[in-house]
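Peer 1: no sequence for this one, just the structure:
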């Protein structure tokens with residue numbers, strides 16, 4: 001009887017035109033529709049920038065501290081340190097005798113100028129900014145070296161002051177993150193201390209292809225360093241400096257954690273000792289959440305020792321299994337190195353070193369075992385850190401040539417990052433603008449990317465849970481604001 005009555009009511013409704021009003025769309029649905037309109041042809045780039053400026057962004061996981069500070073702030077530190085800048089080479093001079101001698105000369109004959117004098121001379125100031133960052137490169141500035149050289153050489157210019165005001169630099173990064181609605185940064189902060197050892201270098205050179213012998217050499221060197229009081233003190237100082245610099249950074253709006261790193265351009269003994277120090281530092285402080293390896297991947301030493309470095313990671317990861325690894329791997333494009341150099345970097349970072357995240361991963365399509373890499377990263381939930389601006393500038397890789405298209409198609413987890421926002425004069429907001437305008441994602445994918453910046457962080461579970469809950473609340477407010485904005489839009 002009940003079924004009969006329901007059918008009768010349905011027939012009457014259809015016959016009489018009765019209808020039930022649909023539930024109003026949610027704020028999330030309205031926000032999704034808004035983004036879809038912005039991405040419709042032609043893409044509304046200005047409003048897209050506004051949208052992503054306001055949108056909460058969970059975290060920036062591929063972030064270099066020294067490359068995140070703008071040249072203008074480094075100039076302030078040059079002035080405070082009392083250093084001078086050679087007006088021909090634009091290099092910072094720190095030698096007290098040279099500086100004193102230069103200051104005794106009149107202004108017209110001085111070669112080494114104060115930062116204030118550089119800033120006061122518009123020609124010198126503009127050229128310095130072009131050397132210390134990528135400013136004006138795409139706008140046909142006066143300096144046009146190859147972009148990869150331009151990028152990596154910037155660190156040599158501001159290097160003498162990059163470690164002089166760490167607490168102030170971190171506060172600047174924090175303020176900028178909060179201003180663009182970023183709640184977490186995991187920054188590659190300081191290089192772990194290194195010690196050179198010629199005997200180790202010679203032994204490694206002879207045993208390079210013998211894994212058993214290499215492990216024995218690594219073990220012997222690790223024991224020797226463990227018994228070196230000076231090395232232990234260097235690690236303690238490294239940890240203490242990180243912790244002291246981070247004071248006052250974390251609050252209810254923002255959290256920062258730190259990776260220590262090694263430089264892949266150094267001698268094997270320096271890389272190994274620095275790696276050991278990094279693993280020990282990460283084990284000693286909850287603020288140091290991971291270890292990384294940095295430096296141009298196409299340099300001769302980087303290419304020659306790549307597999308050796310991965311074996312060092314493997315050896316130390318076995319001793320310190322709790323330490324997380326985010327490794328630069330595959331930051332290479334066709335033509336930068338011989339073709340065989342593109343075949344193995346991502347794979348070895350995963351299968352030998354045991355990376356928990358891959359930084360860049362640009363040479364994926366050229367890797368010999370690309371399909372296995374995709375499967376491993378997807379099945380083991382290992383993300384790739386995507387740096388669109390950096391990859392475009394340094395490698396010339398963008399649009400449909402970027403392997404983001406492959407990672408995305410085959411469900412490899414992604415995180416969007418800035419890499420070196422001070423050098424590239426960029427923001428995480430603009431990375432989202434580039435991603436959306438180039439690859440036309442829906443709102444669900446964009447929102448997932450924001451959450452991935454926390455999900456794939458190296459934070460402990462309780463901290464992730466806290467920040468993810470905050471992100472839920474922030475997205476609810478954002479979507480409410482976008483829904484309200486839509487009601488006031490006047491459409492042509």
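Peer 2: That came through, no problem. The structure displayed is predicted, hence computed values, not measured ones.

Peer 1: which stretches of the chain have low pLDDT?
Peer 2: Applying pLDDT under 70 to the chain flags residues 1-21, 140-143, 488-492.

Peer 1: could you chop it up by domain?
Peer 2: 73-148, 166-476 (automatic domain parsing).

Peer 1: winner for burial among these?
Peer 2: domain 166-476 (a mean of 19; mean count of other CB atoms under 10 Å). Backbone N, C-alpha and C define where each C-beta goes, glycine included.

Peer 1: tell me how far the ends of that one are from each other?
Peer 2: End-to-end distance of domain 166-476 (CA to CA, to the nearest Å): 35 Å.

Peer 1: how far does it sit from the chain's center?
Peer 2: Its chain's average C-alpha position is 8 Å from that of domain 166-476, according to CA atoms, centre = their mean, to the nearest Å.

Peer 1: same thing with stretch 84-103?
Peer 2: Using CA atoms, centre = their mean, the offset of stretch 84-103 from its chain centre is 32 Å.

Peer 1: measure that stretch end to end?
Peer 2: Stretch 84-103 has an end-to-end distance of 9 Å (criterion: CA to CA).

Peer 1: neighbouring contacts of it?
Peer 2: Contacts to stretch 84-103, defined as CB atoms under 8 Å, 6 or more residues apart in numbering, come from residues 78, 81-83, 110-115, 118, 124, 127-128, 131-132, 156-161.

Peer 1: and the longest helix for this protein?
Peer 2: For the chain, the helix with the greatest residue count under DSSP state H is helix 461-487.

Peer 1: which neighbouring elements make contact with that one?
Peer 2: With contacts defined as 3 or more CB pairs under 8 Å, 6 or more residues apart in numbering; DSSP states H and E, helix 461-487 has these neighbours: helix 27-39, helix 45-54, helix 443-455.

Peer 1: now the angle from it to helix 27-39?
Peer 2: Taking axes from the mean of the first three to the mean of the last three CA atoms, to 10 degrees, one finds helix 461-487 and helix 27-39 inclined to each other by 70 degrees.

Peer 1: how about residue 171, secondary structure?
Peer 2: Classification of residue 171 using DSSP: H, G, I helix; E, B strand; the rest coil returns helix.

Peer 1: make TSV out of the helices and strands packed on helix 461-487 and add distance to residue 239.
Peer 2: Converted to TSV, the helices and strands packed on helix 461-487 look like this (distance: least, CB to CB, whole Å):
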stretch	distance to residue 239
helix 27-39	43
helix 45-54	36
helix 443-455	25
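
Peer 1: which one, of the ones you listed, ends up nearest to residue 247?
Peer 2: Residue 247 sits nearest to helix 443-455 of all these, at 23.1 Å, using CB to CB.

Peer 1: quick check: angle from that closest one to helix 45-54?
Peer 2: 40 degrees.

Peer 1: I would like the residues contacting helix 443-455, please.
Peer 2: With contact meaning CB under 8 Å, 6+ apart, helix 443-455 is reached by 28, 31-32, 35-36, 55-61, 183-184, 383, 413-416, 432, 435-436, 441, 464, 467-468, 471, 475.

Peer 1: how about the most centrally placed residue in the chain, secondary structure?
Peer 2: For the chain, the residue nearest the mean C-alpha position is residue 62 (1.8 Å; CA atoms, centre = their mean). Here residue 62 is recorded as strand under three-state DSSP.

Peer 1: next up, the contacts around it.
Peer 2: Residues near residue 62 by CB under 8 Å, 6+ apart: 326, 359, 360, 385, 387, 415, 417, 418, 419.

Peer 1: would you check how far apart it and residue 52 are?
Peer 2: 18 Å (CB to CB, to the nearest Å).
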